[in-house]
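>>> Any chance you can model this:
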Amino acid sequence: MILHINHVQPGRSESTSGVVSTLLSLLEAGASSDDPSRVINIGSIDGPRTPAFDTVSYGPSKAAVHALTSQLAGKLVKRNILVNAIAPGPTALGIGMTDVGWARAIGFTPLKRESSADDISEMVVTLLRAETITGEVVRVDSGRHVVGSPLRDYDP
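Numbers count the residues shown, from 1 in each chain. Next up is the predicted model:
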């Protein structure tokens, strides 16, 4: 079963932890030590750092997803449920960003390319197949995390 949750309003029952809590019996029913159930959250490389743009709520909400991933992994591993997250880097032209600004943002990545939907889906498949990975936040960011990001050095 794959469930995608996006744009969740804080405090509503559809929150990530609320959904996991609601689906816990289904996750447990489908889990065994030979074939654990899996939860894959989507965070962002902006979770653990200060974003370059004025998105005050975005970074902290993604940091919360990363923390929730770690905490759920620690609690649910005993129930044969693996919990991981993917933290994509630049994936699409930002709202209000010019083509020049986007090209500069991609230029800050060592691989000089965006993180494509294919890159992210390949990591999802890897985590779905993995039987010994839990509690990880995997960055799919074209190497951006190893060089940092010059703040406010974009042409939005």
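
>>> pull the CA atoms of stretch 38-50 into CSV?
What follows is the C-alpha trace of stretch 38-50 in CSV, where atoms were taken according to Å, rounded to 0.1, in the frame of the first residue of the first chain:
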residue,chain,number,x,y,z
ARG,A,38,7.7,0.5,5.5
VAL,A,39,6.9,4.2,6.0
ILE,A,40,8.7,6.7,3.8
ASN,A,41,8.3,10.4,4.6
ILE,A,42,9.3,13.2,2.3
GLY,A,43,11.3,16.0,4.0
SER,A,44,13.6,18.5,2.4
ILE,A,45,17.2,19.6,2.5
ASP,A,46,15.7,22.8,4.0
GLY,A,47,14.7,20.8,7.1
PRO,A,48,18.1,21.1,9.0
ARG,A,49,19.3,24.4,7.6
THR,A,50,18.1,28.0,7.0
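
>>> buried stuff in it?
38-49 (16 or more other Cβ atoms under 10 Å). Using the backbone N, CA and C atoms, a C-beta is placed for each residue, glycine as well.

>>> Can you give the distance of that stretch from its chain's centre?
3 Å (Cα atoms, centre = their mean, to the nearest Å).

>>> How about stretch 80-87?
10 Å.

>>> What segments of this protein are strands?
Assigned by DSSP state E, the chain shows strands spanning 37-42, 81-88, 137-140.

>>> picking up where we left off before, which of the buried residues of stretch 38-50 scores worst on pLDDT?
Across those, the smallest pLDDT goes to Arg49, namely 67.

>>> Please work out which of the strands of the chain is packed deepest.
Greatest average neighbour count among the strands of the chain goes to strand 81-88 (a mean of 25), per mean count of other Cβ atoms under 10 Å.

>>> quick one: contacts of that one?
Here strand 81-88 makes contact (Cβ atoms under 8 Å, 6 or more residues apart in numbering) with 27-28, 31, 36-45, 47, 62, 65-66, 69, 72-73, 76-77, 115, 119-120, 123-124, 127, 130-131, 133-141.

>>> And for Ala87, nearest residue in space, chain neighbours not counted?
Gly43 (4.4 Å; Cβ to Cβ, 6 or more residues apart in numbering).

>>> Now that that neighbour has come up, it's in contact with Ala67, right?
No: Gly43 is not in contact with Ala67 according to Cβ atoms under 8 Å; the separation is 9.6 Å.
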